[in-house]
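# Next comes the sequence, and after it the predicted model I'd like to discuss.
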Amino acid sequence: DLIVHVRDITHPETVLQKATVLSVLKNLNLPSHLLDSMVEQLFSSRYKPTEENALAISALHGHGLEEMKHEIEKKILTATGKKILTVNVNLEGPQLSWLYKEATVQDVEVMPEDGTAKVKVIISSSAFGRYKNLFPS
């Protein structure tokens with residue numbers, strides 16, 4: 001669904017390394033959308049990337065890691081046609097069980113006072129449509 005190209009921007013041959021990787025990927029005849037959406041993860045604490053889809057991170061200092069996580073998540077969701085939603089479910093009904101079977105449940109926040117939960121899921125549009133049909137309220 002996504003190509004992440006990791007490279008050390010401080011290496012003296014970093015430009016040649018990038019060109020080599022891109023050449024190999026193009027020779028593999030990958031779908032163009034994979035090459036177009038590729039994310040570059042550049043290791044450097046001081047470099048500010050000018051390339052599109054490039055993010056600088058510092059393994060030493062931890063800078064840029066959250067941005068990288070969010071960018072990868074965004075690209076994966078776009079590539080797979082899924083979205084992240086939070087839905088309110090009644091814990092006495094079958095909704096939570098259905099979500100565990102048909103989606104990826106990321107978090108469940110139980111509200112014991114009213115017997116409900118806020119459920120954060122990764123779900124396809126078609127599965128969410130089925131969910132709304134089965135559980136209209």
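Great, that's in hand.
# So for stretch 97-115, mean pLDDT?
For stretch 97-115, mean pLDDT rounds to 95.
# Which of the helices or strands spans the one residue sitting closest to the centre of the chain?
The residue lying closest to the centre of the chain (Cα atoms, centre = their mean) is E73, at 1.4 Å. Using DSSP states H and E, E73 sits in helix 65-80.
# buried sites along the helix or strand that that helix is followed by?
Of the helices and strands lying after helix 65-80 in sequence (DSSP H and E), the nearest is strand 82-90. For strand 82-90, the neighbour count (16 or more other Cβ atoms under 10 Å) marks 82, 87, 89 as buried. To be clear about C-beta, it is placed using only N, CA and C from the backbone, and glycine gets the same treatment.
# How about stretch 20-40?
Buried positions in stretch 20-40, judged by neighbour count with 16+ other Cβ under 10 Å: 21, 37-40.
# No further questions, thank you.
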